[in-house]
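S.K.: build me a model from this:
(chains A, B, C and D)
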4 protein chains.
Amino acid sequence: MVTGRQVESGAGPIRYGMVGGGQGAFIGAVHRIAARIDGEFELVAGALSSNPERAKASAAELGLDPERSYGTFAEMAKAEAKRPDGIEAVAIVTPNHMHWPAAKAFLEAGIHVICDKPLTSTLADAKKLAAAVEKSGKLFVLTHNYTGYPMIRHAREMVASGTLGDIRVIQAEYPQDWLTEKVEDTGSKQAAWRTDPKQSGAGGSTGDIGTHAYNLARFVSGLELDSLAADLDSFVAGRQLDDNAHVLLRFKPKGNEPGAKGMLWASQVAPGNENGLKLRIYGTRGGIEWVQADPNYLWYTPFGEPKRLITRGGAGSGPAAARVTRVPPGHPEGYLEGFANIYAEAARAIRAARNGGKIPNDVVFPTVQDGVEGVAFVEACVRSSKKNGAWTKL
Amino acid sequence: MVTGRQVESGAGPIRYGMVGGGQGAFIGAVHRIAARIDGEFELVAGALSSNPERAKASAAELGLDPERSYGTFAEMAKAEAKRPDGIEAVAIVTPNHMHWPAAKAFLEAGIHVICDKPLTSTLADAKKLAAAVEKSGKLFVLTHNYTGYPMIRHAREMVASGTLGDIRVIQAEYPQDWLTEKVEDTGSKQAAWRTDPKQSGAGGSTGDIGTHAYNLARFVSGLELDSLAADLDSFVAGRQLDDNAHVLLRFKPKGNEPGAKGMLWASQVAPGNENGLKLRIYGTRGGIEWVQADPNYLWYTPFGEPKRLITRGGAGSGPAAARVTRVPPGHPEGYLEGFANIYAEAARAIRAARNGGKIPNDVVFPTVQDGVEGVAFVEACVRSSKKNGAWTKL
Amino acid sequence: MVTGRQVESGAGPIRYGMVGGGQGAFIGAVHRIAARIDGEFELVAGALSSNPERAKASAAELGLDPERSYGTFAEMAKAEAKRPDGIEAVAIVTPNHMHWPAAKAFLEAGIHVICDKPLTSTLADAKKLAAAVEKSGKLFVLTHNYTGYPMIRHAREMVASGTLGDIRVIQAEYPQDWLTEKVEDTGSKQAAWRTDPKQSGAGGSTGDIGTHAYNLARFVSGLELDSLAADLDSFVAGRQLDDNAHVLLRFKPKGNEPGAKGMLWASQVAPGNENGLKLRIYGTRGGIEWVQADPNYLWYTPFGEPKRLITRGGAGSGPAAARVTRVPPGHPEGYLEGFANIYAEAARAIRAARNGGKIPNDVVFPTVQDGVEGVAFVEACVRSSKKNGAWTKL
Amino acid sequence: MVTGRQVESGAGPIRYGMVGGGQGAFIGAVHRIAARIDGEFELVAGALSSNPERAKASAAELGLDPERSYGTFAEMAKAEAKRPDGIEAVAIVTPNHMHWPAAKAFLEAGIHVICDKPLTSTLADAKKLAAAVEKSGKLFVLTHNYTGYPMIRHAREMVASGTLGDIRVIQAEYPQDWLTEKVEDTGSKQAAWRTDPKQSGAGGSTGDIGTHAYNLARFVSGLELDSLAADLDSFVAGRQLDDNAHVLLRFKPKGNEPGAKGMLWASQVAPGNENGLKLRIYGTRGGIEWVQADPNYLWYTPFGEPKRLITRGGAGSGPAAARVTRVPPGHPEGYLEGFANIYAEAARAIRAARNGGKIPNDVVFPTVQDGVEGVAFVEACVRSSKKNGAWTKL
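M.R.: Model (predicted):
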């Protein structure tokens, strides 16, 4: 019943601000809860909406000092950088196309950035952002939140330590059903920007959820992608971006074995699937299987032995999971806890950076490079699909 | 993807203190996370341990003002009551036998109480506490946290609205395995007090987890217990309190139907069970089934129709669940979110009370009366078992 | 992909007859399929119905020689005993109250008996039948068919070999929903006799399914029951026999440990449950869990290790299961295969007896003694319930 | 508790013979059980092995008349055709490359053929066989046994009746793990021929299990394949045939909607998967999901409504399933029952043909055309993979 995790710290919370996330948004509230869970962050500033009325009302609702509720991110970056009690980090939770300009402004103002995925709406922006991070010397944390789940951390350790042997096959999928009908025409703000190429970029399901599945496969397997072959569809008439993606994957060889092969399926039109992210990895010595909707379980199937169900915090669950675990086995942790683990890792990194120190080795979070790769994945899918599924390098 | 819940409030957090919950404790940290998730509470004072060194260190770790880290709850109640910025509420998270004296002190100081379960270590104390609450006019919230799960709220609505017809059978169970061996002899603080009659009261598994199962059956079914027949065991040699409880239940009739019947099983010696709380209720028109480890699912089995799996926030999940839901369906919520819902309900009640107003009708939380009934349940189990399982009124 | 089982035998099928099981019956057809699966039996005679028309039509449908379609079991026993090609065994699949007279007739005619459960409708009949078996020297096989499932055989071996340590807790249940409404009034032949004390005996759900759950608990655990406390209900107005049974169990001590405790729940009024037979056994070193609807899986939970899912024929599934397995792991076997295993064991015993030999040690099937105990269980439940749940010896 | 199925027939069993299936074989015994379950077939002849010793011993074990145990299929076809009591049908259960010559011999002898899949080892043979069937006027039944499962029959009806709307996405998979290591070198007869191109044909996992997944997707969806893109691997060093296949699918449009898209994964090197055949189909109005290892369940997910679990024989399970169902809901049916349904359908067709009549409309079984298509699928996979996954017409 004891976890390995230090969930609270007496050093005082980290001051942070938020760009986007005003009333009617979804992911902004998730970031705020994730930031609050461990008491490591305090929200003190915001440019919560491009709509001034909504920005003001949202700030009031969150109890922000009206002075620190800004009309634009540019204004916010400039003003906060000057304050002695200015924010140390900013969370960017806007539609994709605004990630790059907003991130740029805060990085240049010397403020750490926590940013939602996908990194940007174009690969060109993504590369510029990576350069800007490099130049700034600030931290950049990409909220590929599924990497925060304890059982995913454990799975990654299992692969890294050779428990599964050489990896041969990776099956990743992320089906949803919420875009089965044309809800973007019915006033859903969430659906509207996600199906709009100007705000989302070239990928629909590929960008919104395919990047999560891809990132998770990479995170757990540690393998690099060589190339992919994609067949994208927009099943709903009039939809501009893909709502279903079938992708074949070829990973680069590692050591003597030939490279692993994989499949990735992302769909927003598969009725009955809410957020069906699932990862299966098979090697010469065993396999693993994990499902986001039931994240506290990890199937481990050593070849020639009975299947084992490893539970978060239970027997067989190791230190990598324990570091990011809050409650005993049998008490489920969920999406918000997994998301909060990204914030907890960010907090450790920010505190280390505060003191000019090195980020501890065991702090793990997705970076701007993961973000660049995610956008490259989306664009490669689109390119491959336009060439009738030709094999395409990232 | 939009939930019915208002998770944040601009009115400023509620100041609260904590009794117990210092280093080495388990449930204190859970309370603190639960209080933080929605940003409705701020921890500002504590009497975190009966050991002065540990109290001090724990307070520092939590960033408390050293002035407000107290040596005893009595001192804390007195001092905080005098401060203009004193706590509005206290969370009591000590071993059971301290609940009554601590709660008394704060109620008398005019401070709302949030208290862990079981209510007290004796029924006599429980009744005194109920009287003290009545006299004080303050709020008393008992953290039977499982009543906070959205699918449990929905299940309760289903029963109340007659969806299951007249209730006939209730099967409740809460098996664990952590006391399969005599860990109380190996330095586990958690195990030590839970198996010690002086700190826990007359019940072992009955008090620690049986009360949860009992409370949940009552909460969802709305039925009152008439009597029970119990067979308690202490399977581990030398253990003073029960570690396994088999209980038959007879509920009072409601309307024309004869009273429902039930079974309750609590165990701490059932290998493979982590926190296996499970509730099944069957009526003339249908049944439901819910498992704590997978709390986002509710099986609903209307008689003569296919089984339906209702998911939190998904189709078929109603407003009672939506009120206490934070993220979209398919993204799991867990133990901490369920626990946080008790705090969120407490916050709504406290804010209403602040303004001298009435607590809104839809605010639902376990009260001191539920606590009295829980302790009565434990003592009835012990009495029945001593009389060879004779049917015993609560 | 190789199983340990010898499914076919060149020695020629065993000639058998059937009493009951004509048109409109359920379990008779199941017995016939079970007898056919391995090609070990050939149906050559029958007294298929007490209704002469139905008996004749049923015999024709099954392709029986009209000469060997009898009007009564008495006539059949007499005639078959005289024939050089007479039946070697009879399957008795009538309502319960006819088991004893029919079995008596065939035993006295020197014919082996395979009989459906419960053994008889009264304990007095059961004891007489046991004496008749003893006197006859013939084989008597009781079709407690769930004992034929491979994973149940494996579970039994695990307990016997001490894998679970000393047994502490046994949870058995068999919920159904088909009698939720008063279907016995709607022309259902199955429901009519099962709810009629004259045909079924003193027990309703206790006799029809409670005996299965009880027998399975006994079979797997190897423990003997000391006493029980039962609370029986007839929830459906006007129903004469119990349709829900809540039973506490106390097993006799074995070795040094105190006796195991258990619960048994049988219900015919639990909507959503089709044939929800489930068995859980917990010992000092581990637990097991098995569900009839998914019979190819056995959960094994060694204390302090990850849960293991043993699959029929897969890794971790031992020789006791392999003996009664027909297809490779991952290809499900079901109810009929489990039932057929009872017939396969009967065939081995009958062939051994043919040659005057000893029944091989590894042949395992429920006997008349198990049947006596089952009826004793039913009557003890009824007695206990009438005495307000008093602890009652079998 | 009553099923729609007529399981027994008084008209006397159909005489059949078997080619292959002697000692050491796997699928032959499965066919024999399947043929026996309903009492519709009687095995009276065989050419059970190409090895004369083994053929003889196998025939003796099965109780065949020694005169009707033949050394070759050619001899058997000739001799049986002459006998007045000759076989009416033959079951061909040899390795793939022998299907065509054996089938030819029996068709030419005027004997119906029941044949294991894949149809042949080459597409050229498959086409010749289809022509031979056409010419012969005899029945040809291909044992794509998974089409016999009741819930698959029901799923097919759901799609056909438009319950799912227009089909958009089909996800089929059949992972196994038994060839994770090079067992073909260790004396496994099963592994040896399945990995030998001379006996199996061009496909390894594609032929052995990919054809099953493909056939099932076709059977349930009713859609025709337009083209595929395949990436095949032989992960185990030195293996000559594919042991993992990743295939993208494009179906032909049906009506106004664009054609459905799909994925198919077949693998013999995925540890933890025994026979993990799974089919998911999504349309504009709902989805379905079915898993072979748990075949009595069918998930049906109407868009915007709670998920429903349809159980074989339970509420929501329709007449197409009832026709091929033997036992009540909650009592599992398995692989052998599904396989037996193919034989039961064959029996109905053979009896109809006997009397020169028309095969009833509701008799459904895989035909030689399905077999041709399966071999075409295998060869298209191989061609596509050799062209680096180019889209390839069947």
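
S.K.: ok, A:Ile111 - contacts?
M.R.: A:77, A:80-81, A:86-90, A:138 (CB atoms under 8 Å, 6 or more residues apart in numbering or on different chains). Quick note: C-beta positions are derived from backbone N, CA and C, even for glycine.

S.K.: how many neighbouring residues does A:Lys127 have?
M.R.: By the measure other CB atoms under 10 Å in any protein chain shown, the count of residues near A:Lys127 is 17.

S.K.: before we move on, back to that, ok, so of the contacts of A:Ile111, who is nearest chain C?
M.R.: Using CB to the nearest CB, A:Ala89 is the member of the contacts of A:Ile111 that lies nearest chain C, at 38.2 Å.

S.K.: number of residues surrounding that closest one?
M.R.: A:Ala89 - counted by other CB under 10 Å - has 25 other residues nearby.

S.K.: mind listing the strands for the stretch 251-394 of chain A?
M.R.: Assigned by DSSP state E, counting those that start in this stretch, the stretch 251-394 of chain A shows strands spanning A:261-267, A:278-283, A:286-291, A:297-302, A:307-311, A:392-393.

S.K.: just name the most buried of those.
M.R.: With neighbours taken as mean count of other CB atoms under 10 Å in any protein chain shown, the strands of the stretch 251-394 of chain A reach their highest mean count in strand A:261-267, at a mean of 27.

S.K.: quick one, phi/psi of A:Gln268?
M.R.: Phi and psi for A:Gln268, reported as degrees, to the nearest 10, are phi -110, psi 10.

S.K.: distance of it from chain C?
M.R.: Distance from A:Gln268 to chain C, counting by CB to the nearest CB, to the nearest Å: 32 Å.

S.K.: if I look at the closest residue to that residue other than its chain neighbours, how far off is chain C?
M.R.: Closest residue in space to A:Gln268, ignoring its immediate chain neighbours: A:Leu179 at 3.7 Å, by CB to CB, 6 or more residues apart in numbering or on different chains. If you measure A:Leu179 against chain C using CB to the nearest CB, the figure is 32 Å.

S.K.: now do the contacts for A:Leu179.
M.R.: The contact partners of A:Leu179, by CB under 8 Å, 6+ apart, come to A:191, A:195, A:205, A:236, A:239, A:243, A:268-269.

S.K.: can I get the strands of the stretch 251-394 of chain A in JSON lines including mean pLDDT and distance to B:His154?
M.R.: Shown next, in JSON lines, are the strands of the stretch 251-394 of chain A (pLDDT from 0 to 100; distance: least, CB to CB, whole Å):
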{"stretch": "strand A:261-267", "mean pLDDT": "98", "distance to B:His154": "28"}
{"stretch": "strand A:278-283", "mean pLDDT": "98", "distance to B:His154": "26"}
{"stretch": "strand A:286-291", "mean pLDDT": "98", "distance to B:His154": "23"}
{"stretch": "strand A:297-302", "mean pLDDT": "98", "distance to B:His154": "23"}
{"stretch": "strand A:307-311", "mean pLDDT": "98", "distance to B:His154": "25"}
{"stretch": "strand A:392-393", "mean pLDDT": "98", "distance to B:His154": "46"}
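
S.K.: let me know which of those strands is the nearest to D:Glu337.
M.R.: Closest approach to D:Glu337 among the strands of the stretch 251-394 of chain A is made by strand A:307-311 (24.8 Å; CB to CB).

S.K.: which of the contacts of A:Leu179 has the most neighbours?
M.R.: That'd be A:Ser205 among these, by other CB under 10 Å, with 31 neighbours.

S.K.: from what I see, that one and A:Ala245 are in contact.
M.R.: Yes - in this structure, A:Ser205 is within contact of A:Ala245 by CB atoms under 8 Å, at 5.3 Å.

S.K.: from the contacts of A:Leu179, which is closest to A:Ala217?
M.R.: Of all the contacts of A:Leu179, the one with the least separation from A:Ala217 (CB to CB) is A:Ser205, at 15.8 Å.

S.K.: can you give me the pLDDT of the closest one?
M.R.: As predicted, A:Ser205 sits at a pLDDT of 98.

S.K.: and it, what is it in contact with?
M.R.: Contacts of A:Ser205 by CB under 8 Å, 6+ apart are A:176, A:179, A:241-245, A:266-268.

S.K.: excluding chain neighbours, give the residue nearest to it in space.
M.R.: In space, A:Ser205 is closest to A:Ala266, 4.4 Å off (CB to CB, 6+ apart).

S.K.: gap between that neighbour and chain B?
M.R.: To chain B, A:Ala266 is 14 Å away according to CB to the nearest CB.

S.K.: what's in contact with stretch A:63-82?
M.R.: So stretch A:63-82 is in contact with A:17, A:19, A:43-48, A:50, A:52, A:55-56, A:59-60, A:86-87, A:90, A:92, A:98, A:101-102, A:105-106, A:108-111, B:8-12, B:39, going by CB under 8 Å, 6+ apart.

S.K.: and stretch A:354-364, by the same measure?
M.R.: A:88, A:147, A:153, A:323, A:345, A:348-349, A:352-353.

S.K.: sorry, back to before: for chain C, state which of the contacts of A:Ser205 is nearest.
M.R.: Closest approach to chain C among the contacts of A:Ser205 (CB to the nearest CB): A:Ser267, at 26.8 Å.

S.K.: so what pairs up with that closest one in the strands?
M.R.: Per DSSP bridges, the residues bridged to A:Ser267 are A:Pro175, A:Asn244.

S.K.: residues touching the spatially most central residue of chain A, list them.
M.R.: For chain A, A:His144 is the residue whose C-alpha lies nearest the centre (CA atoms, centre = their mean; 1.2 Å). By CB under 8 Å, 6+ apart, the contact set of A:His144 is A:117, A:211-212, A:215-216, A:219, A:342, A:366, A:370, A:374.

S.K.: now these in JSON lines, with neighbour count and pLDDT?
M.R.: Compiled in JSON lines, the contacts of A:His144 are given as follows (neighbours: other CB atoms under 10 Å in any protein chain shown; pLDDT from 0 to 100):
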{"residue": "A:Lys117", "neighbour count": "22", "pLDDT": "96"}
{"residue": "A:Thr211", "neighbour count": "27", "pLDDT": "98"}
{"residue": "A:His212", "neighbour count": "23", "pLDDT": "98"}
{"residue": "A:Asn215", "neighbour count": "23", "pLDDT": "98"}
{"residue": "A:Leu216", "neighbour count": "25", "pLDDT": "98"}
{"residue": "A:Phe219", "neighbour count": "20", "pLDDT": "98"}
{"residue": "A:Ile342", "neighbour count": "25", "pLDDT": "98"}
{"residue": "A:Pro366", "neighbour count": "26", "pLDDT": "98"}
{"residue": "A:Asp370", "neighbour count": "20", "pLDDT": "98"}
{"residue": "A:Gly374", "neighbour count": "28", "pLDDT": "98"}
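
S.K.: tell me the one of the contacts of A:Ser205 nearest B:Asn273?
M.R.: A:Gln176 (33.1 Å).

S.K.: looking at it, the closest one is touching A:Asn275, isn't it?
M.R.: Yes - with contact defined as CB under 8 Å, A:Gln176 counts as touching A:Asn275 (6.1 Å).

S.K.: these two: which is more packed in?
M.R.: A:Gln176 (25 against 22).

S.K.: can you give me phi and psi for that one?
M.R.: Dihedral angles for A:Gln176 - degrees, to the nearest 10 - are phi -130, psi 170.
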